[in-house]
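Asker: I'll drop the sequence and a predicted model, then ask my questions.
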Protein chains: 4
Amino acid sequence: MQGLILKVDCPDQHGIVAKIASYIADYSGNLVELSQFTDDQHAKFFARVEIDTANLKVEVDDFIAGFNTLGKSLSATWHFRRLPYKMRTTVLVTKTDHCLNEVLWRTKLGEMPIEITSVIGNRDTCQTIAEQAGVPFHLIEMDGDNKEAGFQRIRQIIAEEQVELTVLARFMQILPDWFCQEFSGKIINIHHSFLPAFIGANPYRQAYERGVKLIGATCHYVTSELDAGPIIEQEVKRVQHFHTPKDLMRLGRDCERTALARGIRHHVHDRTIIHQNRAIVFPD
Amino acid sequence: MQGLILKVDCPDQHGIVAKIASYIADYSGNLVELSQFTDDQHAKFFARVEIDTANLKVEVDDFIAGFNTLGKSLSATWHFRRLPYKMRTTVLVTKTDHCLNEVLWRTKLGEMPIEITSVIGNRDTCQTIAEQAGVPFHLIEMDGDNKEAGFQRIRQIIAEEQVELTVLARFMQILPDWFCQEFSGKIINIHHSFLPAFIGANPYRQAYERGVKLIGATCHYVTSELDAGPIIEQEVKRVQHFHTPKDLMRLGRDCERTALARGIRHHVHDRTIIHQNRAIVFPD
Amino acid sequence: MQGLILKVDCPDQHGIVAKIASYIADYSGNLVELSQFTDDQHAKFFARVEIDTANLKVEVDDFIAGFNTLGKSLSATWHFRRLPYKMRTTVLVTKTDHCLNEVLWRTKLGEMPIEITSVIGNRDTCQTIAEQAGVPFHLIEMDGDNKEAGFQRIRQIIAEEQVELTVLARFMQILPDWFCQEFSGKIINIHHSFLPAFIGANPYRQAYERGVKLIGATCHYVTSELDAGPIIEQEVKRVQHFHTPKDLMRLGRDCERTALARGIRHHVHDRTIIHQNRAIVFPD
Amino acid sequence: MQGLILKVDCPDQHGIVAKIASYIADYSGNLVELSQFTDDQHAKFFARVEIDTANLKVEVDDFIAGFNTLGKSLSATWHFRRLPYKMRTTVLVTKTDHCLNEVLWRTKLGEMPIEITSVIGNRDTCQTIAEQAGVPFHLIEMDGDNKEAGFQRIRQIIAEEQVELTVLARFMQILPDWFCQEFSGKIINIHHSFLPAFIGANPYRQAYERGVKLIGATCHYVTSELDAGPIIEQEVKRVQHFHTPKDLMRLGRDCERTALARGIRHHVHDRTIIHQNRAIVFPD
């Protein structure tokens, strides 16, 4: 479909939907899908609109530019994306490859509008997988003193490859603050526990020790505070007393793959809006 | 909230959302929630709108009447419901009481906008439960020759009690055609299998014989064709080889209660629209 | 079935199953079900055996007494229970009644071998529900200075009514240490979060603030440390951004009911063995 | 672990567990895990035993041979498998590659004791995936008159590669009767619906037309009757009114991958016993 996705949020007020829908209709855009949410507590309005522009009476550029007047009158923040598109994405990995494999597989199937521009590893374990999938692999050492330089190099790659989304697919390095802030809302992580339970290292061992009967995985936006960013997706799986920490790792991999894939899907379809520390997700 | 729910469906066409939202905004209604779905295959548009009428500039009656012009110009079918309301409901039972109990319990908790006007049984087993909940119980014999008279009596009760919804809570009589047609879209049944598997009698025995690893329950609108009406909700539960048919009945009760309660909830919140043999459900 | 349940745990060693099964077979007991678990990490063996005693060649009392020799030779801890039985149970409540209602309902249906000897409330809100179910209700004030006296009174009721299991069905008082210790392994609580997330007060509010996409409930044995005892069952439910804390409470009720009912079921069927801070649960 | 898995079934009778466990203990085998099930309806006993043979006092061959006497005295059917082992497996595919990919990936991770000896396709679509994983690919045309010859060729490959398990990973050919019978209990299929609903072609289209709210996949043993063999695993996923048949296919792929992987896992761990048309699955 030739079209647009419009994401918008603004203070709640009278007639927002009417104004936005009328703007679209006035120029013969076809409103294909509208998802809307009003947060009463914060008196905020959020919406995502899909617009078919096949019959648009004006140029798409003019349509986008013209929204300025309405947007400002609503004191809104908004974003247009042209369809079709593929979100340029880099995937950061260490040794574990199941999350990377899942993302590559779904990309290849065309399940999501995504283009993997590169895989970046601080180990070379995933090099073969990346290359078999036809994706360039960058090895960046990050041990000890190399860490800061490593993240500067990643920043450079993001710029060079015009990357819009960075996925941490079981990447075992804590990101520096400046990196989290520079790419705020553009880094997605998969944490191998049902957050906020078992923050930090070895969550499966922690889960085993606590004797939980369900384990989980959490896909979230990365912020400066470890494992505390807005949650996009969570997934759980039933476990029993006879499952060892190693079994939990095995079973958890399935949660991780599923939660990460769904989280990325929501993001690349522009179905998420971050509001304070929560993620609004208009589902599909 | 003083307000309105508007359900509308019409042939897909240019500018529907703009027109509806503008009509609301023009008279200072506040659009609280809008759910919309376009069925591309049938070129049909469906929507459910919640409107806060606290600041409406006209009388609610006039607002409703005035929609006539727009509705007709869209070739739409539509329905307004005033909020707050409680949907007057009768529950039909035979011997099994877990579904009745669930509905009474959620009603008492105020979980759903529903008022149980009566319980109707073709056995007296559920009389005590109904009466303890303060709900009148009608015993109507339906064996053999009494069946037609019995359903005529139910029709009379529906009229007398101004019932809008009839719930079959494990009611073990097949409804006559005329009854299904007269109350089309206003009768909800819970079937104790994952339809369309195991239509008809003894689904748990059938499920046991087939050796399925998941059992289920289906909440659906009743049509003349047995167990074939539009599905509102389904629920499943994992079972194992050692579960006997009696175990499946026990485990299935939980599916039945959950699926029925959720199905009723969707209906009484006007979140369902029947289209051919499918139910559109705008979730909450 | 006339029979016995044997629960046994002992250091792992050669031939345990052979010895236990032979002991049963030697006296013509029929081993109906055997569940076994070896914890390699702690070199511990755990088992639960159901024995049909219809053809036992000796008196059941003698069979039980005679196991002494084998049990001691294995350095085991063990427990026999005669079937059929009903576990005498008291339910502690405050205001909220959905968990109580669920337990009463399943008891009445005969789903579990349980007899509710009384309901104890520190408010009178649940009195009617208890009495309609034919169960005595004790009102025990526990505010301020009355707390210690209140728990002494509960202890007395437990003794008088020969209670074997105490269920905290959304009971909003923290139990004193001495009470937890005296009835160790005999108190089951339902906590309204997916532990160990959101320990303590207002878990649904906490869950809302954190923006989780799944909420849960946890059924666990009570120990002196708040919300930290061995977990028997957990249940979760998917939630979305538009769910308010009040919605989470409503959706959570279903998790609580289910997790509590399953947890009690495992306990009264003697399917649980507590080992350190984990609960082994042999499922049915 | 150096050890044995023993699967046994026999008419229910007095003392079976005692006899089997004693046989193991008598020769200093260590019973690591015992799962047992008595089917009261058919008076049949089923068990799976894992035995650590590190301290066995006799040769493993003699231990296996010696069981003959006990086995026959119980009128049992039984099977020993030596650990460690890898089950030699061929995977049959047509065009769709997600199930193949899942099996290859889990095999590579070492999640299951399996060795993929080859992939057999009646199209060449999956050739690259197989070869990148280092697995030989056989292209066997099966259109029209080639079908019988094709299955003869597969039979030959099974013999040459000493294949013990044949997995149909979305293989779009109906197997001839003789093939189903020759490899009875050794062919696992993944069907893309929640059987017994939507048997045969285009189940996702059927599911869409029926308007179900859950879609599923079923992993089962293949018998001569289409989609009617013993069910090993089933998986479901919630869907909504706006999901097109194409969406159902996408969502269903996840069910298929999961159900197939779990079904294969149960089989290669010898955790399944087929009894009439049902599969006993001792879970892990």
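Answerer: Noted; the coordinates are in hand. Numbers count the residues shown, from 1 in each chain, chains lettered A, B, ... in the order given.
Asker: Pretty sure A:H42 sits in a strand.
Answerer: No - assigned with DSSP: H, G, I helix; E, B strand; the rest coil, A:H42 falls outside any strand and is coil.
Asker: Quick check: closest non-adjacent residue to it.
Answerer: Leaving out its chain neighbours, the residue that sits closest to A:H42 by Cβ to Cβ, 6 or more residues apart in numbering or on different chains is A:H275, at 7.4 Å. For every residue, glycine as well, the C-beta is placed using N, CA and C.
Asker: contacting residues for that neighbour?
Answerer: By Cβ atoms under 8 Å, 6 or more residues apart in numbering or on different chains, the residues touching A:H275 are A:D9, A:D39, A:H42, A:K44, A:F46.
Asker: how many other residues sit next to the third one?
Answerer: In this case it means A:H42. Here the count is done by other Cβ atoms under 10 Å in any protein chain shown, and A:H42 has 11 residues near it.
Asker: Could you measure from it over to B:H42?
Answerer: Per Cβ to Cβ, to the nearest Å, A:H42 is found 38 Å from B:H42.
Asker: Ok, A:R82 next?
Answerer: From A:R82 to B:H42 the distance is 28 Å (Cβ to Cβ).
Asker: Is chain B within reach of stretch A:238-252?
Answerer: No - contact of stretch A:238-252 with chain B (Cβ under 8 Å from any Cβ of the partner chain) is absent, the minimum separation being 8.5 Å.
Asker: Start and end of that stretch, how far apart?
Answerer: Start-to-end span of stretch A:238-252 (Cα to Cα, to the nearest Å) is 10 Å.
Asker: what does it contact?
Answerer: Contacts to stretch A:238-252, defined as Cβ under 8 Å, 6+ apart, come from residues A:192, A:204-205, A:207-208, A:211-217, A:237, C:37, C:40-41, C:278-281, C:283, D:111, D:284.
Asker: list the buried ones in that stretch?
Answerer: A:V239, A:H241, A:F242, A:H243, A:P245, A:D247, A:L248, A:M249, A:R250, A:G252 (16 or more other Cβ atoms under 10 Å in any protein chain shown).
Asker: ok, now stretch A:155-164?
Answerer: Buried positions in stretch A:155-164, judged by neighbour count with 16+ other Cβ under 10 Å: A:R155, A:I157, A:I158, A:E161, A:V163, A:E164.
Asker: Is the third one in a helix, a strand, or coil?
Answerer: Under three-state DSSP, the three-state class of A:I158 is helix.
Asker: what separates it from C:N101, distance-wise?
Answerer: On the measure of Cβ to Cβ, A:I158 and C:N101 end up 56 Å apart.
Asker: Please apply the same query to A:A65.
Answerer: According to Cβ to Cβ, A:A65 stands 60 Å off from C:N101.
Asker: Could you tell me which of the contacts of A:H275 count as buried?
Answerer: A:D9, A:D39, A:K44, A:F46.
Asker: ok, which pair from those is furthest apart?
Answerer: The most widely separated members of the buried ones among the contacts of A:H275, counting by Cβ to Cβ, are A:D9 and A:D39 (9.2 Å).
Asker: doesn't A:V60 make contact with A:Y27?
Answerer: No - counting by Cβ atoms under 8 Å, A:V60 is not a contact partner of A:Y27; they are 10.0 Å apart.
Asker: now, which of the contacts of stretch A:238-252 lie within strands?
Answerer: A:L214, A:I215, A:G216, A:A217, A:K237, C:F37, C:R278, C:A279, C:I280, C:V281 (DSSP state E).
Asker: Can you tell me which of the residues you listed lies closest to chain D?
Answerer: Comparing the ones in strands among the contacts of stretch A:238-252 against chain D with Cβ to the nearest Cβ places C:F37 closest, at 8.4 Å.
Asker: dump the residue contacts of the closest one.
Answerer: Counted by Cβ under 8 Å, 6+ apart, C:F37 has contacts A:H241, A:F242, C:F45, C:F46, C:A47, C:I280, C:F282.
Asker: Which single one of these is nearest to chain D?
Answerer: Using Cβ to the nearest Cβ, A:F242 comes nearest to chain D of those, at 7.7 Å.
Asker: quick one: what helix or strand has that closest one in it?
Answerer: Assigning secondary structure by DSSP states H and E places A:F242 outside every helix and strand.
Asker: how near is it to A:D145?
Answerer: The gap separating A:F242 from A:D145 is 44 Å, by Cβ to Cβ.
Asker: just A:A54 next, same as before
Answerer: In terms of Cβ to Cβ, A:A54 sits 55 Å off from A:D145.
Asker: A:A65 and C:N101: which is more packed in?
Answerer: C:N101 (21 against 12).
Asker: Quick one: residues contacting that one.
Answerer: B:W105, C:I129.
Asker: repeat for A:E102
Answerer: A:E102 is in contact with A:R257, A:L260, A:A261, counting by Cβ under 8 Å, 6+ apart.
Asker: Quick one: residues contacting the first one.
Answerer: Okay, so that is A:R257. Counting by Cβ under 8 Å, 6+ apart, A:R257 touches A:H98, A:C99, A:E102.
Asker: what bridges to the one residue in the stretch 101-250 of chain A that gets nearest to chain B?
Answerer: The minimum distance from the stretch 101-250 of chain A to chain B, using Cβ to the nearest Cβ, falls at A:R238 (8.5 Å). In this structure, A:R238 bridges to A:L214 when assessed by DSSP bridges.
Asker: Distance check, it against chain D.
Answerer: According to Cβ to the nearest Cβ, to the nearest Å, A:R238 stands 11 Å off from chain D.
Asker: Tell me the pLDDT of that residue.
Answerer: What the model reports for A:R238 is a pLDDT of 96.
Asker: A:T89 now?
Answerer: 98.
Asker: A strand includes it, no?
Answerer: Yes - per three-state DSSP, A:T89 lies within a strand segment.
Asker: tell me the contacts of the residue nearest to it when sequence neighbours are not counted?
Answerer: Once flanking residues are discounted, A:T89 sits nearest to A:L165: 4.4 Å by Cβ to Cβ, 6+ apart. If a contact means Cβ under 8 Å, 6+ apart, then A:L165 has A:M87, A:R88, A:T89, A:T90, A:I114, A:K186, A:I187, A:I188, A:I264, A:H267, A:V268 as its contacts.
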